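Chemist: predicted coordinates and the sequence they were generated for:
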Amino acid sequence: MSETEAPQEQGWKVRILDLSGGAEDNIVEEVGVFHDLAHANAFARAYVRDSVERCRTPGASAKDVLSVWMSFGEDAVVIDAQEDGWHSANELDDFTATPATPMERDWRTLDPRRLIDAEEISLTADDSDEEDAGDEPFDPGLHNLH
C-alpha cells in the first residue's frame, strides 16, 4: 500500500476550484471528511461530471463544452492524494464528448456532509422524545382559531 492509500489522519478532503477565477486562489471550498480515498475520488469525479454538464448547451461540440467548462466550470482535486487521486484531465475528453446520466452527476449522495451517523440518529430521536413530552406551557394566544 502506498503512502497515499493509507488513511489520512483527519480523513481525505476534496478541494473545489472555480475555473473562472472568481474565488481567491480559485478555491471555492474544501469538502470532507471522506474516510477512504475511493469515496473522495468518486465524489470528485461526480462533482466535475456535473460541472461539465452545467456547461453543456444543446448542439454544442465537445470542444465547445470543454472551452466553456475551462472558463466557467469547477474542478475538484483530492488533497494530498498525488497520483492515487482522481484527476479531471484523465476524463475530460470523455466527459465533454458524451452527456452524463443523472447518476453520473449525482455528487450530492456522495457528499460526506450529508452522511448521518447511526449514533446521531438515536441521539436525535431521544432528544425529540423529550421535547414532545409537553413541557411547554399552553399559550392560548398562539392557538386562537377565531
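Modeler: Received it, and whenever you're ready, just let me know what you need.
Chemist: give the next helix or strand downstream of the helix or strand hosting Glu30.
Modeler: Secondary structure assignment for Glu30, by DSSP states H and E: strand 27-34. Counting by DSSP H and E, the next helix or strand C-terminal to strand 27-34 is helix 37-54.
Chemist: now the angle from that following helix to strand 27-34?
Modeler: Relative orientation of helix 37-54 versus strand 27-34 (axes from the mean of the first three to the mean of the last three C-alpha atoms, to 10 degrees): 140 degrees.
Chemist: show me what the helix or strand following helix 37-54 is packed up against.
Modeler: Following helix 37-54 in sequence order, the next helix or strand is helix 62-72 (DSSP H and E). Applying 3 or more C-beta pairs under 8 Å, 6 or more residues apart in numbering; DSSP states H and E, we find helix 62-72 packed against helix 37-54, helix 92-97. C-betas here are computed from N, CA, C, even on glycine.
Chemist: average pLDDT for the first one?
Modeler: Which is helix 37-54. Regarding helix 37-54, the rounded mean pLDDT is 98.
Chemist: tell me how far the residue nearest the centre of the chain lies from Phe95.
Modeler: In the chain, the residue lying closest to the centroid (C-alpha atoms, centre = their mean) is Asp111, at 4.3 Å. Asp111 sits 20 Å away from Phe95, going by C-beta to C-beta, to the nearest Å.
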